[in-house]
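Visitor: Please find the sequence and the predicted model below.
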Amino acid sequence: MSEVLLVVGHPDLSQSKANKALVDAVRDLAHVTVHDLYATYPDFQVDADAERALLAEHDVIVFQHPVYWYNTTPLFKQWQDKVFTLGWAFTMDGSPSQLAGRKAVVAVTAGVPAEHYTLEGTNKTTLEALLGSWHATLRLCQFDIQPMVKLYGTAFGLSDKDLTTAAKQYNELLASFAG
């Protein structure tokens, strides 16, 4: 059975509708460990050794966060800087990193509807392009990169029915890693 680590980078998960719904949908899966960065590090003092140990215990890492100014949240960025270090998370000589071959999923929520993230839309680009640094980071760390999970319209336009459907699909995705 693959163990899944869900690293959540929402500044206040208790006040979130969409991120909380996604986390709640997978919290009871026996092979999923939910790791709330803001609850763990309210002072932003990331324990890199503890985080590396946690990553090493899991086969699948899911990085979940809301899109903040077309990027990840501040603590999540700090976490990346402290944890993904040369020699552990990536190498420059082509030798395997400690993360090599682990599956990685980036799961994001965006406040506006999907049509805003098109070349014709308000943002004039896609969410994948804006979050391209995630893909580059995961590739450098030698992860087996899985398709991005995107939930649009979380602040404007997402119905309760759509949120319920998205939560069910998220549960099914993370449950699929059990086998």
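Guide: Here it is on my side, so go on.
Visitor: Just the CA coordinates for stretch 169-176, please, in CSV.
Guide: Provided in CSV are the C-alpha atoms of stretch 169-176 (Å, rounded to 0.1, in the frame of the first residue of the first chain):
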residue,chain,number,x,y,z
GLN,A,169,-13.2,13.1,-7.0
TYR,A,170,-10.3,14.2,-4.7
ASN,A,171,-11.2,11.3,-2.4
GLU,A,172,-11.2,8.9,-5.3
LEU,A,173,-7.9,10.2,-6.6
LEU,A,174,-6.1,9.8,-3.2
ALA,A,175,-7.9,6.5,-2.6
SER,A,176,-6.5,5.2,-5.9
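Visitor: Show me which positions of that stretch end up buried.
Guide: Buried positions in stretch 169-176, judged by neighbour count with 16 or more other Cβ atoms under 10 Å: 170-171, 173-175. Where C-beta positions appear, they are placed from N, C-alpha and C, glycine not excepted.
Visitor: any idea where the helices of this structure begin and end?
Guide: 18-26, 37-40, 48-56, 74-83, 127-130, 132-140, 160-176 (DSSP state H).
Visitor: Out of the ones you listed, which is closest to Y152?
Guide: helix 127-130 (8.0 Å; Cβ to Cβ).
Visitor: ok so, going back, E57: which of the buried residues of stretch 169-176 is nearest?
Guide: Among these, and counting by Cβ to Cβ, the member closest to E57 is L174, at 16.3 Å.
Visitor: So that closest one is in contact with V32, correct?
Guide: Yes: using Cβ atoms under 8 Å, L174 is in contact with V32, at 5.6 Å.
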